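*Asks:* got a predicted structure here, sequence first:
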Amino acid sequence: VEALQENRPIPVSQCVLPEAYCLLDYKHFEANAIRKLDTPFSFASSPTADAFPYGHAAKVLLSPGACKERPDILVVVRTEPKHALERQSIRETWGSTESLYNHTLRVVFVMGEGESVERKVLARVSAKHKDMWMIDIRSAPANQTQIQFLSYSWVVNYCAPQRFLVQTEDASFLNMKRIIRLLHKVPARERRFLYYGEYTPFQGVSVATALQQRGIAWSYCVGPTYILSASLLAPLVFSSFFSPLITTHADVEVGKALHFMNVEPSQGDRVFFQRVKFNKMRKFHLDRYCSLSPVKPEEMKVLFADIS
């Protein structure tokens, strides 16, 4: 942080932070925030959560271990401790593929802490599958943002993808073939700073009225699934040390953090990420969309058989 106090870009050769942070030509976070907000870090009179303590002091209860080789695409699946059937259905369907179109893939389930009985069961399952990450923050809707940012911190340090991170939840069916084909179509110059999903302008979700009235707004990718370039993960985690949380919605907060770095959602065709009920799905949904939700565990297998 001290290296950036002079508010000037640091040559990559002199960088003491992750290289991706410097590649963004990112200056001192607070100086950048001042240009966005007239009173940085005090703009919400009653934030729903405090800013993270420096160092993200929290204990990891379960971990899949560091990646022996960095995957091309890492899929981070938000889940709950009690959702064992959902996780298993993903392992047996779209999450079972380790390589596709010359891209290596890995799936990691991230969650907060559950009941003590659940933890014992989860520990046994984690030892078998090595695909679960749990932090000692209570699993609750109000804590999902903190859990998600902390999971990104683990990713940056232990399993950073080489190309992209796909964020989703355990009620989503991902068409990984479609996702990879879509990413191939993204121009090379845009792949380093890609933020792609179901895009929506800022709608003031759980944000103080005073904040909205002062015109402080940003766009973000809403819904269970979106894609981030690997080069954005380190600065995204770094920004969370400084920015107070003003909503309980992780997708809104990710959009806010990226907005501070002048990264906005891609303006491409955003209908590829769709929320369609299973009984209304048709064959063209499978061929066209990257993500379908909500999907029950038993429905996952039907979709996977159709798409295979």
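*Replies:* Thanks, I have the structure now.
*Asks:* use CA for all of it now, contacts and neighbours both
*Replies:* Fine.
*Asks:* buried residues in stretch 70-84, which are they?
*Replies:* Residues of stretch 70-84 classed as buried: 70-81, 84 (neighbour count, 16 or more other Cα atoms under 10 Å).
*Asks:* just the mean pLDDT for that stretch, thanks.
*Replies:* For stretch 70-84, mean pLDDT is 95.
*Asks:* ok, stretch 120-138 next?
*Replies:* Stretch 120-138 carries an average pLDDT of 92.
*Asks:* cool, and stretch 90-98?
*Replies:* Rounded mean pLDDT across stretch 90-98 is 95.
*Asks:* quick check: end-to-end length of that stretch?
*Replies:* In stretch 90-98, first residue to last residue: 13 Å (Cα to Cα, to the nearest Å).
*Asks:* wasn't Val263 part of a helix?
*Replies:* No: using DSSP: H, G, I helix; E, B strand; the rest coil, the assignment for Val263 is coil, not a helix.
*Asks:* among the buried residues of stretch 70-84, which lie within helices?
*Replies:* Among the buried residues of stretch 70-84, the members found in helices (DSSP state H) are Ala84.
*Asks:* neighbours of Gly197, just the number please.
*Replies:* As a burial measure, Gly197 scores 29 neighbours (other Cα atoms under 10 Å).
*Asks:* and it, backbone torsions?
*Replies:* Dihedral pair for Gly197: phi 180, psi -160, per degrees, to the nearest 10.
*Asks:* quick check: beta-bridge partners of it?
*Replies:* Per DSSP bridges, residues listed as beta-bridge partners of Gly197: Tyr226.
*Asks:* is it true that it touches Val222?
*Replies:* Yes: between Gly197 and Val222 there is a contact under Cα atoms under 8 Å: 7.2 Å.
*Asks:* what about the helices in the stretch 1-150 of the chain?
*Replies:* With helices called from DSSP state H, counting those that start in this stretch, the stretch 1-150 of the chain shows them at 19-23, 29-36, 84-92, 116-129, 144-158.
*Asks:* mind listing what's buried along the last one?
*Replies:* Along helix 144-158, these residues count as buried under the neighbour rule (16+ other Cα under 10 Å): 144-156.
*Asks:* which strands or helices does that helix pack on?
*Replies:* Contact partners of helix 144-158 among helices and strands, from 3 or more Cα pairs under 8 Å, 6 or more residues apart in numbering; DSSP states H and E: strand 103-113, strand 132-138, helix 233-239, helix 250-260.
*Asks:* now do the last one: which elements does it pack against?
*Replies:* Applying 3+ Cα pairs under 8 Å, 6+ apart, one finds that helix 250-260 makes contact with helix 29-36, helix 144-158, strand 220-229, helix 233-239.
*Asks:* returning to what we had before: now tabulate the helices of the stretch 1-150 of the chain in CSV and tack on distance to Ser266.
*Replies:* Below are the helices of the stretch 1-150 of the chain laid out as CSV (distance: least, Cα to Cα, whole Å):
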stretch, distance to Ser266
helix 19-23, 19
helix 29-36, 20
helix 84-92, 27
helix 116-129, 34
helix 144-158, 21
